[in-house]
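# sequence and predicted structure are below.
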Amino acid sequence: MRYQFNKTFFLRLEKDLNLRLKALPILKAKENALRQEVKKAQHKLAALEEELTLLDQSIDRFVELWAEYPDLISISKVGLKESSIAGIRILDLQEIKFQIVKAGLFHQRPWVIEGTELLKKRLELVLEKNLWQKNLALLEKARRTTTQKANLYEKVQVPQLRLALRRIKGYLEDVENLSRAAQKIVKKRRNA
């Protein structure tokens, strides 16, 4: 940074320093909030993956369902709700509407109804898992960015600004002292 050794530049640097000092606690609070939200999202994602694994194990007996009725179920509408966490917009799954093909009454086997419900549950879990993976990526990126900004302020810019202010203040004081000394010398010469 190039310094200008004048009062205007000194005041501008002082303003920048005060701005960063005021923003630093806010950034740290945001960083902590995002860190907690990332942990929550990781736990939520782990729970969804575990639930999906358990469901997949119970679905094994319904593999025939896909072979006999490949187009049995499809997603017709997905409703999402947007929410904000520490200024980061994330999406929550609100509703899923399915379109289920009704097989003929005489051709329908007893396991088709139960298998259809399991398929619906699996599709819901897969959609929610994908959504939370995206949310986690957004939260992680925002946390990293906030951490970098807080570290930049705290460890780089604030010390640099303080050093620059100290140097400029010293220079301005030296100039003022030299000016006073010169005025005293001129005054002594006039009086003599």
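Perfect, I can see it now.
# avg pLDDT for the longest helix along the chain?
The helix spanning the most residues in the chain, taking DSSP state H as the definition, is helix 7-59. For helix 7-59, the mean pLDDT works out to 95.
# what's it packed up against?
Counting contacts by 3 or more Cβ pairs under 8 Å, 6 or more residues apart in numbering; DSSP states H and E, helix 7-59 packs against strand 73-85, helix 110-151, helix 158-191. C-betas here are computed from N, CA, C, even on glycine.
# and the last one, what does it pack onto?
With contacts defined as 3+ Cβ pairs under 8 Å, 6+ apart, the secondary structure elements packing on helix 158-191 are helix 7-59.
# what angle separates the helix it packs on from strand 73-85?
Orientation check (axes from the mean of the first three to the mean of the last three Cα atoms, to 10 degrees): helix 7-59 against strand 73-85 gives 150 degrees.
# and helix 7-59, how far out from the chain's middle?
Relative to its chain's centre, helix 7-59 lies at 5 Å (Cα atoms, centre = their mean, to the nearest Å).
# looking at the helices and strands packed on helix 7-59, which is nearest to Lys7?
Proximity to Lys7 (Cβ to Cβ) singles out helix 158-191 among the helices and strands packed on helix 7-59, at 6.7 Å.
# and the closest one, what's buried?
For helix 158-191, burial by neighbour count (16 or more other Cβ atoms under 10 Å) applies to Val158, Leu161, Ala164, Leu165, Ile168.
# again with stretch 114-122
For stretch 114-122, by 16+ other Cβ under 10 Å, it's Gly115, Thr116, Leu118, Leu119, Arg122.
# quick one on the thing from earlier: Throw the buried residues of helix 158-191 into JSON lines and include distance to Leu139 and pLDDT, thanks.
Shown next, in JSON lines, are the buried residues of helix 158-191 (distance: Cβ to Cβ, whole Å; pLDDT from 0 to 100):
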{"residue": "Val158", "distance to Leu139": "27", "pLDDT": "97"}
{"residue": "Leu161", "distance to Leu139": "31", "pLDDT": "95"}
{"residue": "Ala164", "distance to Leu139": "36", "pLDDT": "94"}
{"residue": "Leu165", "distance to Leu139": "37", "pLDDT": "95"}
{"residue": "Ile168", "distance to Leu139": "41", "pLDDT": "93"}
